[in-house]
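Q: give me coordinates for this.
(one chain, ligands or ions: 1)
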Amino acid sequence: MKLNVINKKKYNPCIMTGYNCFGCCSVNLTNIKEVECGIDKNTKEYSEFKNNNKGFRDRYGKDELDKSGICLNLIRKNDINENGVCAIYPKDNTDDLRFGYCSTTFECVTFIKIQNWNEKKVSLFNFFIKELFEQNKLNKLSFSNEMYNNTIIDKFELWLKINNERDGI
Ligand code: SF4
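A: Next comes the predicted model:
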């Protein structure tokens, strides 16, 4: 199986803000400390598998999650503060190792709504998210939860209204 429909959409809010969302790659997240530890543990294990993504994916049972609630394939790839990315997310024209392991065609309400925005609105949304992170009003856990629950869109719409940023969107 190759890439799923999500890759063919106009915008990809899972990654486009620069803060990767894992709202649908987790169940009942515990707390930020445990999530960070879980991502660290996955990252360490990933390095032991070198480029053997299939071996990495299969190191635990199919339905297991980290005790923090995150997916066992969520790792940091570049710098230590990176939000976490899916280690087995397919590159172009490669097999999608996620099939049978996660809901590859799932799109949350936030994802669906953003597809109808124009570029200006998307760019303001990215700015809004960056500001919240820089002001410590969001962390990777609350960001992911708010994307998944769609509460972030309500906050953004309010912010647009307060800041008179509605022209041209
Ligand atoms: S919760 Fe939504 S935005 Fe976040 S990774 Fe899932 S589909 Fe993407």
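Q: mind listing what's buried along the helix or strand that contains residue 47?
A: Using DSSP states H and E, residue 47 sits within helix 32-48. By 16 or more other Cβ atoms under 10 Å, the buried positions in helix 32-48 come out as 34, 35, 36, 38, 39, 41, 42, 43, 46. Using the backbone N, CA and C atoms, a C-beta is placed for each residue, glycine as well.
Q: now the fourth one: how far from residue 28?
A: Spatial separation of residue 38 from residue 28 under the definition Cβ to Cβ, to the nearest Å is 13 Å.
Q: what is in contact with those two at once?
A: Common contacts of residue 38 and residue 28 (Cβ atoms under 8 Å, 6 or more residues apart in numbering): residue 69.
Q: next one: the helix or strand harbouring residue 153 to chain centre, how far?
A: Using DSSP H and E, residue 153 sits in helix 151-162. Its chain's C-alpha centre and that of helix 151-162 lie 20 Å apart, by Cα atoms, centre = their mean, to the nearest Å.
Q: number the residues from 777 up from this point.
A: New numbering, starting at 777: the last item is helix 927-938.
Q: let me know whether it sits next to the ligand.
A: No. Residues of helix 927-938 contacting the ligand under Cβ under 6 Å from any ligand atom: none, with a closest distance of 9.2 Å.
Q: the lowest-mean-pLDDT helix or strand in the chain pairs with which strands, and in what direction?
A: Lowest by mean pLDDT, DSSP states H and E among the helices and strands of the chain is strand 861-862, with a mean of 87. With DSSP bridges as the test, strand 861-862 is paired with strand 850-851 (antiparallel).
Q: residues in contact with the strand it pairs with?
A: 798, 801-802, 814-815, 818-819, 822, 842, 860-863.
Q: let's see it at 6 Å
A: Applying Cβ atoms under 6 Å, 6 or more residues apart in numbering, the contact partners of strand 850-851 are 798, 801, 815, 818, 819, 822, 860, 863.
Q: ok, those vs residue 925, which is closest?
A: Lowest distance from residue 925 to these (Cβ to Cβ) belongs to residue 798, with 13.4 Å.
Q: now the buried residues of helix 808-824 in CSV, with pLDDT and distance to residue 939?
A: Below are these laid out as CSV (pLDDT from 0 to 100; distance: Cβ to Cβ, whole Å):
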residue, pLDDT, distance to residue 939
810, 94, 35
811, 92, 31
812, 91, 32
814, 95, 36
815, 93, 33
817, 96, 40
818, 96, 38
819, 94, 37
822, 96, 41
